[in-house]
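*Asks:* 3D model of this:
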Amino acid sequence: LERRTQMKNETTVQEFILEGFPAVQHLGNVLFLVHLLAYLASVMGNTLIITITWADHRLQTPMYILLSSFSFCECVFISTVIPKLLVIFLLGRQTIPFTDCLTQAFFTLFLGATIFFLMAAMSFDRYLAICKPLHYPSIMNLRVCFLLLYFVLYPLYWSVLKGFPAVSQLSFCGPNVIPHFFCDLGSLIHLSCSDTISTEMLAFGLTSFILFASLMITIIAYSNIIITIMGLPSAKERQKAFSTCSSHLIVLSLMYGSCVFIYVKPNQRDRLDSNREAALVNTVVTPLLNPVIYTLRNKQVHQALRDALSRVKLQ
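*Replies:* Residues are numbered from 1 along each chain as shown. As a prediction, the model looks like this:
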């Protein structure tokens with residue numbers, strides 16, 4: 001029994017190796033610089049949205065509170081993934097301890113799920129603003145907005161908290177190379193030497209619920225929005241109404257397109273070699289574009305920025 005325990009301890013995986021992008025690892029210095037600039041620009045852009053929202057009382061409305069919450073989650077999400085990728089590119093250090101890998105997988109799942117349901121909440125806000133404009137101020141006040149944030153986070157917390165132990169209790173005693181640039185549930189399940197059929201189905205069910213539940217809310221909201229916009233009497237009114245949600249639609253297309261490609265496959269082994277490039281869309285491209293997309297055509301944000309710059313100059 002003692003020898004059996006010793007053998008088990010010798011074969012237990014203590015760390016994983018993140019494969020990263022081996023085909024372009026020889027361009028490590030260039031890729032490090034590109035991804036570092038993208039990371040810094042993403043953090044600065046999203047931080048700017050958060051700062052302006054809470055500094056300017058005119059932007060302390062449900063729409064911008066949801067947007068600033070979204071930006072905060074984006075900042076934390078990319079900060080759990082990109083720094084390790086930068087280390088891989090610059091120093092070639094691909095190892096990650098078991099507990100760090102598990103923690104990273106937990107936060108990427110929880111924050112990713114939160115981002116999707118925040119997008120659904122933002123869709124609901126746009127639905128009320130366009131389809132119920134007279135009732136919008138009374139329905140979507142700050143109290144309702146914070147309750148909406150609570151109902152986004154609470155079920156996600158419990159669903160991830162209940163689903164995650166299923167992965168943490170798996171045995172890892174064989175290969176430890178993860179064909180990805182960060183730890184995710186699918187990769188960990190694939191490397192386990194336990195019977196993973198039930199865990200795979202649980203992970204598939206959880207990710208499918210997150211994607212499709214938030215997507216259904218968004219589809220219902222935007223179906224009503226489109227019907228309302230098409231019923232407006234003038235082309236100018238239709239264009240103005242559509243401009244208020246066009247930025248949101250662009251971000252939705254990027255996020256859902258890449259995530260459906262990555263996650264919604266029952267067999268995790270089918271996707272391990274094909275999801276790295278698609279995952280870059282959500283971890284690098286989308287967080288970089290979000291601040292630009294949301295602020296480029298937003299006159300209220302432009303005015304808040306101008307006022308903030310004016311106050312800085314006066315000081």
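
*Asks:* from here on, contacts and neighbour counts on C-alpha atoms
*Replies:* Noted.

*Asks:* Tell me the first helix or strand C-terminal of the helix or strand encompassing L149.
*Replies:* Of the helices and strands defined by DSSP states H and E, L149 is found in helix 142-168. Sequence order places strand 177-178 as the next helix or strand after helix 142-168, per DSSP H and E.

*Asks:* helices or strands next to that following strand in the packing?
*Replies:* When contacts are defined as 3 or more Cα pairs under 8 Å, 6 or more residues apart in numbering; DSSP states H and E, strand 177-178 sits against strand 15-18, helix 185-191.

*Asks:* what residues does the first one touch?
*Replies:* Okay, so that is strand 15-18. Strand 15-18 is touched from outside by 94-98, 101, 176-183, with contacts defined as Cα atoms under 8 Å, 6 or more residues apart in numbering.

*Asks:* so when I look at I96, I'm seeing a helix, right?
*Replies:* No: secondary structure assignment (DSSP: H, G, I helix; E, B strand; the rest coil) places I96 in strand, not in a helix.

*Asks:* hang on, P233 in a helix?
*Replies:* No: going by three-state DSSP, the assignment for P233 is coil, not a helix.

*Asks:* That one: neighbouring residues, count only.
*Replies:* By the measure other Cα atoms under 10 Å, the count of residues near P233 is 9.

*Asks:* and it, backbone torsions?
*Replies:* With angles defined as degrees, to the nearest 10, P233 sits at phi -70, psi -30.

*Asks:* This protein: helices as residue ranges?
*Replies:* Taking DSSP state H as the test, the helices found in the chain are 2-11, 28-55, 62-91, 98-131, 136-139, 142-168, 185-191, 197-230, 235-263, 276-280, 286-296, 299-314.

*Asks:* Now the first one: average pLDDT?
*Replies:* The pLDDT scores in helix 2-11 average 41.

*Asks:* Would you mind putting the helices and strands packed on strand 177-178 into JSON lines with mean neighbour count alongside?
*Replies:* Supplementary listing: the helices and strands packed on strand 177-178 in JSON lines, determined by neighbours: other Cα atoms under 10 Å:
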{"stretch": "strand 15-18", "mean neighbour count": "20"}
{"stretch": "helix 185-191", "mean neighbour count": "21"}
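
*Asks:* Would you tell me which of these gets closest to Y222?
*Replies:* The minimum distance between Y222 and those falls on helix 185-191, with 31.1 Å, by Cα to Cα.

*Asks:* That closest one packs against which elements?
*Replies:* helix 142-168, strand 177-178, helix 197-230.

*Asks:* Tell me the confidence at S274?
*Replies:* At S274, the predicted lDDT confidence score is 50.

*Asks:* if I look at the closest residue to H302 other than its chain neighbours, how far off is I52?
*Replies:* Counting by Cα to Cα, 6 or more residues apart in numbering, the nearest residue to H302 once its immediate chain neighbours are dropped is T295, at 7.2 Å. In this structure, T295 and I52 are separated by 11 Å, where distance is defined by Cα to Cα, to the nearest Å.

*Asks:* Give me the common contacts of the two.
*Replies:* Joint contacts of T295 and I52 (Cα under 8 Å, 6+ apart) are V301.

*Asks:* More neighbours: these two, which one.
*Replies:* I52 (19 against 15).

*Asks:* residues in contact with that one?
*Replies:* Contacts for I52 were tallied using Cα under 8 Å, 6+ apart; they are L59, V301, A304, L305.

*Asks:* export stretch 204-213 as PDB, just CAs?
*Replies:* Taking only C-alpha atoms (Å, rounded to 0.1, in the frame of the first residue of the first chain), the coordinates of stretch 204-213 have been written out as PDB:
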ATOM      1  CA  PHE A 204     -20.700  21.200 -22.300                       C
ATOM      2  CA  GLY A 205     -24.000  21.800 -20.500                       C
ATOM      3  CA  LEU A 206     -22.600  24.700 -18.500                       C
ATOM      4  CA  THR A 207     -21.000  26.500 -21.500                       C
ATOM      5  CA  SER A 208     -24.000  25.900 -23.700                       C
ATOM      6  CA  PHE A 209     -26.300  27.300 -21.000                       C
ATOM      7  CA  ILE A 210     -24.100  30.400 -20.600                       C
ATOM      8  CA  LEU A 211     -23.900  31.000 -24.400                       C
ATOM      9  CA  PHE A 212     -27.400  30.200 -25.400                       C
ATOM     10  CA  ALA A 213     -29.300  31.600 -22.400                       C
END
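
*Asks:* May I see the buried residues of stretch 89-108?
*Replies:* By 16 or more other Cα atoms under 10 Å, the buried positions in stretch 89-108 come out as 89-90, 94-96, 98, 101-108.

*Asks:* Out of the contacts of strand 15-18, flag the one nearest to L37.
*Replies:* Taking these together and measuring to L37 by Cα to Cα, the closest member is F181, at 17.8 Å.
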